[in-house]
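A.B. asks: Predicted model follows, preceded by the sequence.
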Amino acid sequence: MRAAMRVLLNGYDSLVLYLGLVWLGVLCLAWTPLAIIVYPLLPARCGQALGRYVIMAGFRLYLASLGMSRRCSFDLEALDALRDEPSLIIAPNHPCLLDAVMVISRLPNVACVLKADLMNNLFLGAGARLARYIRNEPVRRMVQLAMRDFDCGSHLLLFPEGTRTTSCPVNPFKGSIGLIAHHAQVPVQTVLIETDSKYLSKGWPLFRKPPMPIHYRVRLGRRFDPPQHSQRFMAELEHYFAHELVQGSAFYPTSSLRTQADRKL
């Protein structure tokens, strides 16, 4: 009986995982042709607002769908405190591919710094261009666009590591976040993303099934004032993340969480 239950649960986990990926792709593709049509028709400010709101709503729907399966949980309510805040840089650590999805799903006016090739991606490109997301290169242009975006009172989502974490607790930080914060003179709000899974981390195959259930928690960290010295600021920021993530790692004792979840099923 127990073996049969494990087989059924494993099948259900696979269904949740793979249908979830298909569902995210469908949401992105459904918006793509509409974003292409709307882009030249709307004024830049209106298109930006519409694009960002639709992406937020789509990502929230996707995460809610995963949550309903009871095989993934997302504790993201801490981000809601940032919705009405004035311009700032939102700086999370980057354990997996879902990090940007989680942050954007709670904030209606956030610009995301994307790798240049993603701006031409079939699934993401049209929506990203409508939302006026920002290419990560060239650096001078990225800084200029970010500063211009702050004039609209928006937030900027920028991962200090530049890519997903490969060396615990964080990768060496890139300097772009300090550069933008210094020139724009906006504060940096740190965001700590914690999980008990390596799912979709750097090097994780897209269709490889992880042990489930999977849990994610986001909490707000320290807010840094606009820096006067970029390099000094980056060193302080990296040290802060390393310390906080090591301290917070006890929140997700992986084996005990999974044991408790399995007992409930």
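C.D. replies: Good, I have the coordinates. Numbers count the residues shown, from 1 in each chain.
A.B. asks: State the phi and psi torsions of Q144.
C.D. replies: Backbone geometry at Q144, expressed as degrees, to the nearest 10, gives phi -60, psi -50.
A.B. asks: thought P160 was touching P172?
C.D. replies: No. Counting by Cβ atoms under 8 Å, P160 does not reach P172; the two are 9.5 Å apart. C-beta coordinates here come from the backbone N, C-alpha and C atoms, glycine included.
A.B. asks: Okay, helices next: where are they in the chain?
C.D. replies: In the chain, helices defined by DSSP state H lie at 2-38, 44-68, 99-104, 125-130, 139-150, 176-184, 230-248, 254-264, listed in chain order.
A.B. asks: Lowest average pLDDT across those?
C.D. replies: Sorting those by mean pLDDT places helix 254-264 lowest, at a mean of 37.
A.B. asks: ok, H183 - how many residues close by?
C.D. replies: 14 (other Cβ atoms under 10 Å).
A.B. asks: Now for it: which residues touch it?
C.D. replies: The contact partners of H183, by Cβ atoms under 8 Å, 6 or more residues apart in numbering, come to 143, 147.
A.B. asks: let's see 10 Å
C.D. replies: If you count contacts by Cβ atoms under 10 Å, 6 or more residues apart in numbering, H183 has them with 143-144, 146-147, 226, 230.
A.B. asks: ok, V143 to I134 distance?
C.D. replies: When distances are taken as Cβ to Cβ, to the nearest Å, V143 and I134 turn out to be 9 Å apart.
A.B. asks: More neighbours: the two, which one.
C.D. replies: A count of neighbours by other Cβ under 10 Å puts I134 above the other of V143 and I134, at 23 against 17.
A.B. asks: Look up which residues are beta-bridged to the more buried one.
C.D. replies: Beta-bridge pairing of I134 under DSSP bridges involves V113.
A.B. asks: joint contacts of V143 and I134?
C.D. replies: Common contact partners of V143 and I134 (Cβ under 10 Å, 6+ apart): I180.
A.B. asks: Looks like Q185 contacts I89 (just checking).
C.D. replies: No. Q185 is not in contact with I89 according to Cβ atoms under 10 Å; the separation is 11.0 Å.
A.B. asks: Quickly list what's touching both of those two.
C.D. replies: Common contacts of Q185 and I89 (Cβ under 10 Å, 6+ apart): 150, 226.
A.B. asks: Of those two, give the one with the bigger neighbour count.
C.D. replies: Between Q185 and I89, counting by other Cβ under 10 Å, I89 is the more crowded of the two (25 against 14).
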